[in-house]
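S.K.: Task: produce atomic coordinates for the following.
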Amino acid sequence: MGKVENYLMDVIDCMKSSLNIIGAKSVVNQHTMPKTDWLKQDPAQITLLVNMTNWSRNVEAAFNALKTNPKAMSQAFEEQVNGLSFLIKMVQGDLDRPMRQKIMCLITIDAHSRDIIDKLDVEKCTSSDDFQWQAQLKVYFSTEKSDFYFRIADAMLWYGYEYLGNGPRLVVTPLTDRIYVTATQALHLKMGCAPAGPAGTGKTETTKDLANAVAKACYVFNCSDQMDYKGLGGIFKGLAASGSWGCFDEFNRLVPEVLSVCAV
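M.R.: Residues are numbered from 1 along each chain as shown. Got it, this is the predicted structure:
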């Protein structure tokens with residue numbers, strides 16, 4: 001049994017280090033090769049990640065330039081729109097399915113990035129310390145550690161390098177942004193977060209999408225009144241041992257005795 005577990009741990013470590021190496025190379029390669037080739041060469045999640053890193057860097061560069069150039073944010077907006085137009089032209093061309101899916105994800109995220117820059121410009125934000133910018137999920141590349149990390153308000157999360165494949169991403173709405181802030185602040189304070197609302201509004205999907213953004217394994221458990229404290233204990237042990245996130249659906253269905261054990 002031990003050998004199998006060791007082998008699987010090696011597989012996970014190898015997956016994470018491979019994605020880390022590809023990500024670090026991609027940061028350099030994007031400046032040395034045509035954009036179309038760069039978009040094709042890496043796994044989808046790495047392209048999305050580096051693309052978001054560029055956005056964070058460009059907006060902060062615009063904030064710095066505002067002191068001497070009042071139109072810096074408008075110019076950053078135009079650059080973002082040009083990048084989006086380039087992707088739209090690409091998606092209208094002849095692409096294979098995986099590449100089309102990848103470009104569609106980039107368009108989804110870039111459209112939100114464009115709206116954020118527009119919002120910063122309209123609301124006359126002048127500093128990267130303004131809440132409108134702080135409340136966004138921003139990605140940076142640490143050259144010292146050769147690693148990606150996220151910042152949002154007070155929270156800082158290292159990228160998890162869980163292999164995600166080439167799946168779709170959620171369209172980000174203002175409500176998604178609010179849940180992102182709440183959930184990451186909860187994580188920063190070593191707490192849990194409980195989004196509440198009507199059925200079918202996307203509470204679970206938003207949680208999963210945040211896990212997708214930071215590449216953490218996220219397991220969804222459907223709670224019922226049949227669950228006892230031992231079952232829940234087992235789930236928590238597994239989450240703690242693997243460093244994964246747990247999303248407990250219909251948490252309020254648990255009986256009070258089990259909920260009290262959970263709270264402890």
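S.K.: Only C-alpha atoms from now on, for both contacts and neighbour counts.
M.R.: Noted.
S.K.: mind listing the strands for the stretch 51-200 of the chain?
M.R.: Under the criterion DSSP state E, counting those that start in this stretch, the stretch 51-200 of the chain contains strands at 138-142, 147-152, 155-158.
S.K.: Kindly present those strands as JSON lines, with separate columns for mean neighbour count and distance to Phe221.
M.R.: Shown next, in JSON lines, are the strands of the stretch 51-200 of the chain (neighbours: other Cα atoms under 10 Å; distance: least, Cα to Cα, whole Å):
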{"stretch": "strand 138-142", "mean neighbour count": "19", "distance to Phe221": "28"}
{"stretch": "strand 147-152", "mean neighbour count": "18", "distance to Phe221": "26"}
{"stretch": "strand 155-158", "mean neighbour count": "16", "distance to Phe221": "23"}
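S.K.: Tell me which of these lies nearest to Lys119.
M.R.: Shortest distance between Lys119 and these, using Cα to Cα, is found for strand 138-142: 15.7 Å.
S.K.: tell me what the closest one is packed against?
M.R.: helix 44-65, strand 147-152 (3 or more Cα pairs under 8 Å, 6 or more residues apart in numbering; DSSP states H and E).
S.K.: Just checking: what are the partner strands of the shortest one?
M.R.: It stands for strand 147-152. Using DSSP bridges, the strands paired with strand 147-152 are strand 138-142 (antiparallel), strand 155-158 (antiparallel).
S.K.: okay, these in JSON lines with mean pLDDT and distance to Gly2 next?
M.R.: Below are these laid out as JSON lines (pLDDT from 0 to 100; distance: least, Cα to Cα, whole Å):
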{"stretch": "strand 138-142", "mean pLDDT": "96", "distance to Gly2": "35"}
{"stretch": "strand 155-158", "mean pLDDT": "95", "distance to Gly2": "29"}
